[in-house]
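Student: one predicted model, sequence on top.
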2 protein chains.
Amino acid sequence: MSIDVLQAKIRKLKNPSAVGLDPQLAYIPRFIQEEAFSAYGKTLQGAAKAYEVFCKGILDALKEIVPAVKIQSAYFEALGHDGILTMENVNRYAKELGYYVIMDHMRGDVGIVAEVCAQSYLGSVCVDGQEYTPYHCDGITVNGYLGSDGISPFLPYCKEGKNVFLLVKTSNKSSREVQDLISGDRVIHTVMADLAMRWSGDLFGRSGYSEIAIVVGATNPAILKNLREKYDRLFFLVPGYGTQGGSAKDVQYAFDRFGHGALVSASRSILCAWQKDGGDGEDYLICAQEAAEKMRSDILKFITIL
Amino acid sequence: MSIDVLQAKIRKLKNPSAVGLDPQLAYIPRFIQEEAFSAYGKTLQGAAKAYEVFCKGILDALKEIVPAVKIQSAYFEALGHDGILTMENVNRYAKELGYYVIMDHMRGDVGIVAEVCAQSYLGSVCVDGQEYTPYHCDGITVNGYLGSDGISPFLPYCKEGKNVFLLVKTSNKSSREVQDLISGDRVIHTVMADLAMRWSGDLFGRSGYSEIAIVVGATNPAILKNLREKYDRLFFLVPGYGTQGGSAKDVQYAFDRFGHGALVSASRSILCAWQKDGGDGEDYLICAQEAAEKMRSDILKFITIL
């Protein structure tokens, strides 16, 4: 995969959105939980099995609608090794179904730690000559607070068609406390975007976009607009759509004039769509499809994907 | 545990240092690898078993010398669910032996994601009424680039005696690219330290130190000194000692006049001490003990712990 492949998948499905897999038991219909608990007990393993059934169901249901999936590793980690086994299985399944897979890992580290992260998520892990790929991801979110030393270990993988999504401006209110501070003639979040440009070097796809993308929250339309104008060669991952407050009207500014250059992700508004009608969730897949289709059509009211 | 308990452990062993568990196969003596591979194959599971034997050996060897352990989750994650199972076992074993356990997680996220992180690492995870603690940690490193929304979910756990270690100034060279930028009359890394003070509220231990500690690299003695003077109520976790370049002379500035207020961590200089004499590592535990004792005595040349 690469930023070009992601853009091509978006164009094919005419849908610039990603489903965020942020499972919690509270999001999962009771019948799925009961089945997992009856087989594995009310244990971390039981919860992990419920996550797996739920997530694979969502992936099956959306495969003709949504081109990409963003997997939030913290939710799986919370269930210990059982959760990580589920995350591996969900990642692999998403790849098999043809999704572009982003690991939402939100770490920032340097040196060997960053190398190990890059290997395990974007490359392969060597055990005495044998190569393994525990995770199968096309891209990973990275926090750049530590500077170039935290990004350079990922660059060789970007050369081979993987992507980094660097946190620039997040969708939460208090993001301004650090990200909007002014330093010289720049705000800190543009310092990050400038670093993304610098690190890009010659890593640009045929679409014109860098293999190093940036994360810009859906809740700041003015900032989205400014950043889109200023950084016309950086692809945007735009979280915060739906339950977190970002609307189709807001995210239109993330796209270029061809309707390219951005991927909008939503989690709860799709995963929990079944809860809206007060039912027991037997229809959770249909509800997720409807929510994903509504998200697509809402966004396409404001942009046209050429 | 709490910052007071950590300080008491440091005083008891007269050692303000932590061993960093950053396992890699290259750090592990061949005889341990061979035994794990012969039982589990040259697989991720085999590597994870080698990590477990190696790390538990180090924990056994240092339990009377070193008060704290810093576990780098990325190294375990790299081996998939087998690695995470090993991390759980190593965490639990470290707690059983009485270590103060820091999870070096280096994430920054907000809202429910941060809540889930806080629960799983510092609290417990609820599965339909049953509580589980997959990890057993006393503190966790957190990246504050996302602002207060990323820290507030951890505060209830800090009230209950857990600790957050907020990244302020890291030990890598390129940390200056973001962390040393000037905004108004502050540099960005002091903005972070100011946030740590603000978030501390009334979360101060009897030692006078906040339950929210900060991470300041060993490689910047001038910055260590400035921060120690300015933030006399923030406890410092000081990585970057040894192989990464920080010396005992450098880290002396992290301590207050009672020799309190800081924990210095070293990984490779202890884990890989056996490689110095060119042997096969049969003596890796003795070498680790000697390296940890030398680190302690080197630091104690410059400070006195009252």
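Tutor: Perfect, thanks for sending it.
Student: going forward, measure contacts and count neighbours with C-alpha atoms only.
Tutor: Will do.
Student: the stretch 1-150 of chain A: strands as residue ranges?
Tutor: Using DSSP state E, counting those that start in this stretch, the strands of the stretch 1-150 of chain A run over A:17-21, A:68-72, A:100-107, A:125-127, A:130-132, A:139-142.
Student: from the contact counts, what lies against the first one?
Tutor: So that's strand A:17-21. Counting contacts by 3 or more C-alpha pairs under 8 Å, 6 or more residues apart in numbering or on different chains; DSSP states H and E, strand A:17-21 packs against strand A:68-72, strand A:262-266, helix A:268-271, helix A:284-300.
Student: pLDDT score for the residue nearest the centre of chain A?
Tutor: The C-alpha lying nearest the average C-alpha coordinate of chain A belongs to A:Lys70 (C-alpha atoms, centre = their mean; 3.1 Å). What the model reports for A:Lys70 is a pLDDT of 98.
Student: list the contacts of it.
Tutor: Neighbouring residues of A:Lys70 by C-alpha atoms under 8 Å, 6 or more residues apart in numbering or on different chains: A:Ala18, A:Val19, A:Gly20, A:Leu21, A:Val101, A:Ile102, A:Met103, A:Asp104, A:Ser265.
Student: switch to 10 Å and redo it
Tutor: Counting by C-alpha atoms under 10 Å, 6 or more residues apart in numbering or on different chains, A:Lys70 makes contact with A:18-22, A:91, A:99-105, A:137, A:139-141, A:237, A:239, A:265-267.
Student: burial count for A:Ile151?
Tutor: If you count neighbours by other C-alpha atoms under 10 Å in any protein chain shown, A:Ile151 ends up with 25.
Student: how about it: what's its closest non-neighbour residue?
Tutor: Closest residue in space to A:Ile151, ignoring its immediate chain neighbours: A:Gly144 at 7.1 Å, by C-alpha to C-alpha, 6 or more residues apart in numbering or on different chains.
Student: between the two ends of stretch A:200-214, how far is it?
Tutor: End-to-end distance of stretch A:200-214: 11 Å, with C-alpha to C-alpha, to the nearest Å as the criterion.
Student: helix, strand, or coil at the nearest residue to A:Pro221 once chain neighbours are set aside?
Tutor: Spatial nearest neighbour of A:Pro221, excluding adjacent residues (C-alpha to C-alpha, 6+ apart): A:Asp250 at 4.9 Å. Assigned with DSSP: H, G, I helix; E, B strand; the rest coil, A:Asp250 falls in the helix class.
Student: so what's the residue nearest to the centre of chain A bridging to?
Tutor: A:Gly20, A:Ile102 (DSSP bridges).
Student: wait, the residue nearest to A:Pro221 touches A:Asn220, no?
Tutor: Yes: when contacts are counted by C-alpha atoms under 10 Å, A:Asp250 is listed as touching A:Asn220 (7.3 Å).
Student: what sits closest to A:Arg107 if chain neighbours are left out?
Tutor: Sequence neighbours aside, B:Arg107 is the residue nearest to A:Arg107 in space, at 4.3 Å (criterion: C-alpha to C-alpha, 6+ apart).
Student: A:Gly261 now?
Tutor: A:Phe235 (4.7 Å).
Student: right, and the one you found touches A:His260 too?
Tutor: Yes: the criterion here is C-alpha under 10 Å, and A:Phe235 meets it with A:His260 at 8.5 Å.
Student: need the overlap of contacts for these two.
Tutor: Shared contacts of A:Phe235 and A:His260 (C-alpha under 10 Å, 6+ apart): A:Gln7, A:Tyr209, A:Ala254.
Student: neighbour-wise, which of these leads?
Tutor: Neighbour max across the shared contacts of A:Phe235 and A:His260 (other C-alpha under 10 Å) = A:Ala254, 29 neighbours.
Student: so that one versus A:Arg228, what's the distance?
Tutor: Counting by C-alpha to C-alpha, the gap from A:Ala254 to A:Arg228 is 6 Å.
Student: do A:Tyr99 as well
Tutor: Note on A:Tyr99: its distance to A:Arg228, by C-alpha to C-alpha, is 25 Å.
Student: cool, and A:Ile28?
Tutor: With the distance defined as C-alpha to C-alpha, A:Ile28 ends up 36 Å from A:Arg228.
Student: returning to what we had before: for the residue nearest to A:Pro221, give me the pLDDT.
Tutor: If you check A:Asp250, the pLDDT there is 96.
Student: contacting residues around it?
Tutor: Counting by C-alpha under 10 Å, 6+ apart, A:Asp250 makes contact with A:Gly217, A:Ala218, A:Thr219, A:Asn220, A:Pro221, A:Ala222, A:Leu224, A:Lys225, A:Tyr241, A:Ile299, A:Phe302.
Student: 8 Å instead, please
Tutor: By C-alpha under 8 Å, 6+ apart, the contact list for A:Asp250 reads A:Ala218, A:Thr219, A:Asn220, A:Pro221.
Student: what of A:Gly278?
Tutor: Counting by C-alpha under 8 Å, 6+ apart, A:Gly278 has no contacts.
Student: do the same with A:Gly240
Tutor: For A:Gly240, counting by C-alpha under 8 Å, 6+ apart, the contacting residues are A:Ser171, A:Gly217, A:Ala218, A:Thr219, A:Gly246, A:Ser265, A:Ala266.
Student: could you find the closest non-adjacent residue to it?
Tutor: Of all residues not flanking A:Gly240 in the chain, A:Ala218 sits nearest, at 5.1 Å (C-alpha to C-alpha, 6+ apart).
Student: A:Asp128 too?
Tutor: Distances taken as C-alpha to C-alpha, 6+ apart place B:Lys42 nearest to A:Asp128, at 6.5 Å, with adjacent residues excluded.
Student: quick one: that neighbour from A:Cys126, how far?
Tutor: Going from B:Lys42 to A:Cys126 by C-alpha to C-alpha gives 9 Å.
Student: and A:Arg176, by the same measure?
Tutor: 41 Å.
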